[in-house]
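# Curious how this folds, go ahead:
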Amino acid sequence: MKTAFRKLIVALVFVASFAANASDGLDLKVNEKQNLIVEVKGIEQGAILSILGENEEIVFKDRLSNDDSYSKIFDFNSLEDGRYTLVLDKEFSISTSIISKNGEILSIDKNAYRFDFKPLYRISGDIVSICLANPEENKVEIEIFDKFGVPVGKLKTKDLVVKRKLDFSNVPAGSYIVKIKTKTNTFSKSVNVG
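Down below sits the predicted model:
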């Protein structure tokens, strides 16, 4: 009982630390010249900032360095009308914002902002441990596929903190894909066991 309580406290601290950083340091503004001004504070080495068009095509992509801040002005004048998605992909999270262009009007849809946690993985022999914060307690589906894409396992949960140990000791050694579907994202990780 004491161990379970200790694990619960660690999980809650884990979620609280992520929630404290949930603002992700991203600040978006639009000026009168149809420019999107992007500022990121507290940059994480290797974070990727990208803007995607309506068909998921990459309009802009930049890997952020380990500076204190990042600032860039994007000119939307030459872009077609439509919805664009700005994505800030960090080590433990992904945040997305929607920017709409309609003629001379460029706007940021504040209600469409999304912040999602990424799963954490730890591989130890034949055990793959997964941890994922799920603060809204949405359905999370974990699927495991062999190297040929054949499903070998599946589970669903709505836990606040998804913590699972996947035991691969009863399957042949090799490469597997762990696919985690949340309400808004799908994450895939290739693991080698055995």
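
# Can you give the strand pairings for the strand of greatest length in the chain, parallel or anti for each?
Longest strand in the chain by number of residues (criterion: DSSP state E): strand 105-117. Looking at strand 105-117 with DSSP bridges, its partner strands are strand 93-102 (antiparallel).

# quick one: contacts for the residue nearest to the spatial centre of the chain?
Centroid-nearest residue in the chain, with C-alpha atoms, centre = their mean: I94, separated by 3.2 Å. Contacts here follow C-beta atoms under 8 Å, 6 or more residues apart in numbering; on that basis I94 touches 87-88, 115-116, 118, 185. All C-beta spots, glycine's among them, are computed from the backbone N, C-alpha and C.

# ok, back up a step: contacts for the longest strand of the chain?
18, 22, 24, 28-30, 34-36, 76, 92-100, 132-135, 182, 184-185.

# Now, of the residues you listed, which are buried?
Buried by 16 or more other C-beta atoms under 10 Å: 18, 24, 28, 30, 34, 36, 76, 93-99, 132-134, 182, out of the contacts of strand 105-117.

# and the residue nearest to D167 when sequence neighbours are not counted, bridged to which residues?
Residue nearest to D167 in three dimensions, not counting chain neighbours: I127, with 5.9 Å by C-beta to C-beta, 6 or more residues apart in numbering. Here I127 sits in beta bridges with S124, D167, as judged by DSSP bridges.
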